[in-house]
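S.K.: predicted model and sequence follow; I will ask about them next.
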Amino acid sequence: MLKEFKDFIMTGNVIDLAVAVLLAGAAGLVVSGFVNDIMMPIVGFFTGGVDFSDMQYVLSEAVVAADGTVEKPASAIRYGAWINSIINLIIVGFVLFLIVKAYNKTKTPPAPPAPKGPSQEELLTQIRDLLKK
């Protein structure tokens, strides 16, 4: 059983999958950093400095004790965080679109097949027939 597990783990597919998962995690950090640190400040600039993550609809206020501790936190619908998620999705989708588009341009198109003409025997037959006339 240990040998079977070793054979399974050492197959190329499992190792390729592990490498892909690790690279996807690293790429996810890069994309998140790009969206949060570069694109969201630009979006905030064009929306007049609005930070969507602060937008919420409060259902019930927080209950604060006399000593300043929160007895019951506020209950709110945080629609601003959802708007941020939608904007992040659009930005990430656009960036991935640009990456895939650039990658597709680097691939060389397959060579078109050579036009199929008559075979050598057919050409010789046509020449013979023309000479007979």
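M.R.: Looks like it came in fine. The structure displayed is predicted, hence computed values, not measured ones.
S.K.: show me where the protein has strands.
M.R.: Counting by DSSP state E, the chain forms strands over residues 57-60, 63-64, 70-72, 75-77, given from the N-terminal end onward.
S.K.: redo these as a markdown table? Include distance to Gln120.
M.R.: In this view, the C-beta of every residue, glycine as well, is placed from N, C-alpha and C. Formatted as a markdown table, the strands of the chain follow (distance: least, Cβ to Cβ, whole Å):
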| stretch | distance to Gln120 |
| --- | --- |
| strand 57-60 | 81 |
| strand 63-64 | 95 |
| strand 70-72 | 92 |
| strand 75-77 | 79 |
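S.K.: so which of these gets nearest Pro110?
M.R.: Taking Cβ to Cβ as the criterion, Pro110 comes closest to strand 75-77 out of the strands of the chain, the separation being 53.2 Å.
S.K.: average pLDDT for that closest one?
M.R.: Per-residue pLDDT over strand 75-77 has a mean of 86.
S.K.: who's in contact with that strand?
M.R.: Contact with strand 75-77 is made by Gln56, Tyr57, Val58, Leu59, Ser60, as judged by Cβ atoms under 8 Å, 6 or more residues apart in numbering.
S.K.: can you name the residues bridging to the last one?
M.R.: Meaning Ser60. Here Ser60 sits in beta bridges with Ser75, as judged by DSSP bridges.
S.K.: count the neighbours of it for me.
M.R.: As a burial measure, Ser60 scores 10 neighbours (other Cβ atoms under 10 Å).
S.K.: ok, it touching Ala74?
M.R.: Yes: distance between Ser60 and Ala74: 6.6 Å, which falls inside the contact criterion (Cβ atoms under 8 Å).
S.K.: quick one on the thing from earlier: any idea which of the strands of the chain gets closest to Leu130?
M.R.: Of these, the one closest to Leu130 (Cβ to Cβ) turns out to be strand 75-77, at 87.3 Å.
S.K.: counting by contacts, list what the top helix by length along the chain packs against.
M.R.: Ranked by residue count under DSSP state H, the longest helix found in the chain is helix 79-106. On a contact count with 3 or more Cβ pairs under 8 Å, 6 or more residues apart in numbering; DSSP states H and E, helix 79-106 meets helix 12-34, helix 40-46.
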